[in-house]
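>>> Provide a 3D model corresponding to the input given below.
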Amino acid sequence: TSADFVFPKPYSEMFLSAANTAFLSPTECWYCGDSLNADINGALNAGMHAVYFNIKADKKIKISADERQREYLEVNSWAALKSCLLSL
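Down below sits the predicted model:
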């Protein structure tokens with residue numbers, strides 16, 4: 001969690017530290033969160049694959065983009081996320 005690191009979300013250093021702790025490069029990481037600013041922007045800024053968990057989304061799965069046209073996955077349930085990950 002962000003509490004385990006000196007840097008709070010959305011600072012990319014927190015996400016990079018988490019990847020380093022797992023001995024992974026950021027491009028090998030998927031980060032799922034429910035905050036566009038803290039989670040999605042932070043993960044994208046660190047170079048991770050970002051997944052926005054939006055329970056109010058009208059589609060189970062869709063690709064969205066932020067204001068800088070960086071794409072992220074948007075899901076409305078854990079089952080939708082699981083099906084995406086299993087299809088990789």
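
>>> use CA for all of it now, contacts and neighbours both
Will do.

>>> where exactly do the helices run in this protein?
Under the criterion DSSP state H, the chain contains helices at 12-21, 42-46, 78-86.

>>> which of those helices is buried the deepest?
Sort those by mean neighbour count, taking mean count of other C-alpha atoms under 10 Å, and helix 42-46 sits at the top with a mean of 24.

>>> between the helices of the chain, which gets nearest to residue 54?
helix 78-86 (10.2 Å; C-alpha to C-alpha).

>>> now the helices of the chain as TSV including distance to residue 27 and mean pLDDT?
Shown next, in TSV, are those (distance: least, C-alpha to C-alpha, whole Å; pLDDT from 0 to 100):
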stretch	distance to residue 27	mean pLDDT
helix 12-21	9	89
helix 42-46	9	95
helix 78-86	15	93
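
>>> Would you mind giving the ones you listed as JSON lines with distance to residue 68 added?
Output for the helices of the chain, formatted as JSON lines (distance: least, C-alpha to C-alpha, whole Å):
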{"stretch": "helix 12-21", "distance to residue 68": "16"}
{"stretch": "helix 42-46", "distance to residue 68": "10"}
{"stretch": "helix 78-86", "distance to residue 68": "24"}
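
>>> just so I know, which of those helices lies nearest residue 53?
Nearest of the helices of the chain to residue 53, taken as C-alpha to C-alpha: helix 78-86 at 8.2 Å.

>>> any residues touching that closest one, and which ones?
Contacts with helix 78-86, where a contact means C-alpha atoms under 8 Å, 6 or more residues apart in numbering, come from 60-61, 75.

>>> Put the alpha carbons of that helix into CSV.
Provided in CSV are the C-alpha atoms of helix 78-86 (Å, rounded to 0.1, in the frame of the first residue of the first chain):
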residue,chain,number,x,y,z
TRP,A,78,-13.8,-7.9,-10.4
ALA,A,79,-15.1,-10.5,-12.8
ALA,A,80,-14.5,-8.2,-15.7
LEU,A,81,-11.0,-7.5,-14.6
LYS,A,82,-10.4,-11.3,-14.1
SER,A,83,-11.6,-12.0,-17.7
CYS,A,84,-9.3,-9.3,-19.1
LEU,A,85,-6.3,-10.7,-17.3
LEU,A,86,-7.1,-14.3,-18.3
